[in-house]
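Fold the following.
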Amino acid sequence: MKRTKIVDIFNPELIGTEVCVKGWVRTRRGNKYVQFVALNDGSSIKNIQIVFDMNVFTDEQLKPITTGSSICVEGLLVESMGKGQTCEIQAKTLEIYGTADPETYPLQKKGHTLEFLREKAHLRPRTNTFGAILRVRSALAFAIHRFFQEKGFFYLNTPLITASDCEGAGAMFQVTTLPLNDLPKTEDGSVDYSQDFFGKPTALTVSGQLEGELGATALGAIYTFGPTFRAENSNTPRHLSEFWMVEPEMAFYDIADNMDLAEEFVKYCIRYALDHCRDDIEFLAEHFDKGLIERLEFVLHNDFVRLTYTEGVKILEESGRKFEFPVSWGIDLQSEHERYLVEEHFKKPVILTDYPKEIKAFYMKQNEDGKTVRAMDVLFPNIGEIIGGSEREADYDKLLTRIEELGIPMKDMWWYLDTRRFGTVPHSGFGLGFERLVLFVTGMTNIRDVIPFPRTPNNAEF
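Model prediction:
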C-alpha cells in the first residue's frame, strides 16, 4: 500500500479508508486491552495516534516499539473520540524498521534544554521544536526564491572561494592546499603562495555582493542565496561562523527603491511563513514566545519608519536611557540602541539611513555632505539589524579614492572597478542574514538553534 504522509492524513475525505503510515515513535502507552502509539514522520508538528487492539497484536510484537523506534503501520483511519485529535488509525499490520534502546536513546519523553539538544544536533531535528524550526526555515527559503523570481530577478551563484575581502574586515577562513607543517617560503621568508592551488592567497567568502554587482550591471537585477563565512571569535547568541546570506543587487535602483524592496521582501517572507507554517509557528509561540504571532502580525501591518542615523542618534541621546555602550555621533550603533528605537521609541520597525562614512564599507555611495553615505539598515524588534544595504558608489573616481584611503590592494579590485569604467549606472543592494530572519519568525533567542548544524568558535561537530 502507498504511504500517506502524516501532514496529509487529517483530510476528512480519508476517514473510513485503509491507510499506510511510516515514521518515528514519540510515545507508547496503554493497558493489556489496547495500546496507543503517537507517530510522527517529520512532515507536520502533529502526531497521528495509532490504536493497537491487543486481541489482534501480542505484547511480544509491540515490545520493540519504544520512543525513537521506526515503524510502518497499515490500518483503518477512523474519527477519534480522543481529546485534541480528529482521527486515529486502527492498526491491522505492523512492521518494525528500527529499534531505539531506551537506555541509550537520548531523546526520551521529557523536556530537554536547548543547550542539551545542541550537543545532540544530529538527533535534535526529531524533536517537535526543531522539526518546527526546520520546516519554517525551509518555507522561508522557498519564499525568498519565489519573491525574487516573481519580480523578474535572476538567481546568481557567486563564488565561495575568493581572493577578495568584501567587507574589509579581514576575518576570513583561509583556503590552502599547502603543507602546513612545511610551508614553501620565498627568499624574503614569507609564504610562497605561487605554489598554492590557486597561485595566490584565497579564503572562504564573507559576502557575494561584489560579484553580485557584476551580475546586476549585466542582467539588471539578481539575487544570491548561499553560505558565507566569518572567522570572528564571536560567542554570542547572534553570530555564526557559517551562515546563509540573501543578497539582491539592482541596477537603476536608488536608496529609496532599495528601502522599498527591503520592506516588501521581509513582509512577503513573514506572510508566507504565517500562511504555510501556522501549526509550527503556533507551537513555537506556545512553548517559547507567547508574543510571537502578535509580533509577526505587527511587522506586517505597520509601515517601517525611515529616519537618518543623525536623527536616530539624537533620539538616543535625548532618551535619558543609560546604555551599556554610550551614544555619540560617529559610533557604530549596538543592538541595544537599535532595539530601543524599534521597541520603545517608535514601536515599529525602523530603517536607518545616511550613516557616517567612516563606519561603513568602501563601496557605499557618498552623500554631498562628505561625511555620510547612503547606507540603510532595517531594524526589527528582538533582533536589531536584520538587513544591511546601501546605494553603491557609481562614480569611478570617488570609489577609487575611497579604496586608496582604506589601503585596499588594487590587485584585488581591478575587476570590480571595471563596472564603473564601462557603462556605470546607479545601483543598490542589501544583505539579509537568513538565520536572523528565521530567528525572528520562529521566536527563538539563539541563532545556533535555527541552523541544522551550527558552526561557531571551537565547534564543528556533526
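
Distance check, the residue lying closest to Thr176 once chain neighbours are set aside against Ala231.
Closest residue to Thr176 apart from its sequence neighbours, by Cβ to Cβ, 6 or more residues apart in numbering: Asp196 at 5.5 Å. (Each C-beta comes from the backbone N, C-alpha and C, glycine too.) Plainly put, Asp196 is 18 Å away from Ala231 if you go by Cβ to Cβ, to the nearest Å.

need the helices for the stretch 1-150 of the chain, in chain order.
Under the criterion DSSP state H, counting those that start in this stretch, the stretch 1-150 of the chain carries helices at the ranges 6-9, 59-62, 114-118, 128-150.

Centroid-wise, who is the farthest residue in this protein?
Relative to the mean C-alpha coordinate of the chain, counting by Cα atoms, centre = their mean, the farthest residue is Asn55 (49.6 Å).

Spatially nearest residue to it (excluding sequence neighbours)?
Using Cβ to Cβ, 6+ apart and skipping residues adjacent in sequence, the residue nearest Asn55 is Tyr33, 7.9 Å away.

Next, the contact list for that neighbour, please.
53-55 (Cβ atoms under 8 Å, 6 or more residues apart in numbering).

CSV please, covering the residues you listed and showing distance to Leu117 and pLDDT.
Supplementary listing: the contacts of Tyr33 in CSV, determined by distance: Cβ to Cβ, whole Å; pLDDT from 0 to 100:
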residue, distance to Leu117, pLDDT
Asp53, 36, 97
Met54, 35, 97
Asn55, 40, 96
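
possible to save those as JSON lines with distance to Ile383?
Listed next are the contacts of Tyr33 as JSON lines, based on distance: Cβ to Cβ, whole Å:
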{"residue": "Asp53", "distance to Ile383": "51"}
{"residue": "Met54", "distance to Ile383": "52"}
{"residue": "Asn55", "distance to Ile383": "56"}
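
Identify whichever of the helices of the stretch 1-150 of the chain lies nearest to Thr310.
Shortest distance between Thr310 and the helices of the stretch 1-150 of the chain, using Cβ to Cβ, is found for helix 128-150: 31.8 Å.

which residues sit against that closest one?
Contacts for helix 128-150 (Cβ under 8 Å, 6+ apart): 40, 42, 45, 114, 117, 124-125, 155, 223, 225, 246, 248, 265, 268-269, 272-273, 276-277, 280-281, 283-284, 287-288, 434, 437-438, 441-442, 444, 449-452.

Past that helix, which element shows up next along the chain?
Moving toward the C-terminus from helix 128-150, the first helix or strand encountered (DSSP states H and E) is strand 154-155.

so what does the following helix or strand past that next one touch, helix or strand wise?
Scanning the chain past strand 154-155 towards its C-terminal end, the next helix or strand to appear is strand 161-162 (assignment: DSSP H and E). Packing partners of strand 161-162 (3 or more Cβ pairs under 8 Å, 6 or more residues apart in numbering; DSSP states H and E): strand 202-204.

what separates the closest residue to Lys2 other than its chain neighbours from Ile65, distance-wise?
Across the structure, with Cβ to Cβ, 6+ apart as the measure, the residue nearest Lys2 apart from its sequence neighbours is Cys20 (6.6 Å). For Cys20, the distance to Ile65 equals 17 Å [Cβ to Cβ].

which of the two has more neighbours?
A side-by-side neighbour count of Cys20 and Ile65, using other Cβ atoms under 10 Å, places Ile65 first with 23 against 15.

how close does that one get to Thr353?
Separation of Ile65 from Thr353 (Cβ to Cβ) stands at 59 Å.

for Phe323, same thing?
To Thr353, Phe323 is 21 Å away according to Cβ to Cβ.

Next SSE downstream of the helix or strand where Val378 lies?
With elements taken from DSSP H and E, the one containing Val378 is strand 372-380. As assigned by DSSP H and E, the chain's next helix or strand after strand 372-380 is strand 384-391.

helices or strands next to that next one in the packing?
For strand 384-391, the packing partners by 3+ Cβ pairs under 8 Å, 6+ apart are helix 255-276, helix 335-339, strand 372-380, strand 427-433, helix 434-442.

average pLDDT across the last one?
Translated: helix 434-442. In this model, helix 434-442 has a mean pLDDT of 97.

can you list the residues that contact it?
Residues outside helix 434-442 that contact it (Cβ under 8 Å, 6+ apart): 132-133, 136-137, 140-141, 144, 225, 238, 240, 243-246, 266, 269-270, 273, 281, 284, 288, 292, 296, 380, 382-383, 385-386, 444-445, 447, 450-451.

quick one: low-confidence parts of the chain?
For the chain, residues meeting the criterion pLDDT under 70 lie at 165-170.

Would you map the strands across the stretch 151-300 of the chain?
Here the stretch 151-300 of the chain has its strands, by DSSP state E, counting those that start in this stretch, at 154-155, 161-162, 174-175, 202-204, 221-229, 242-251.
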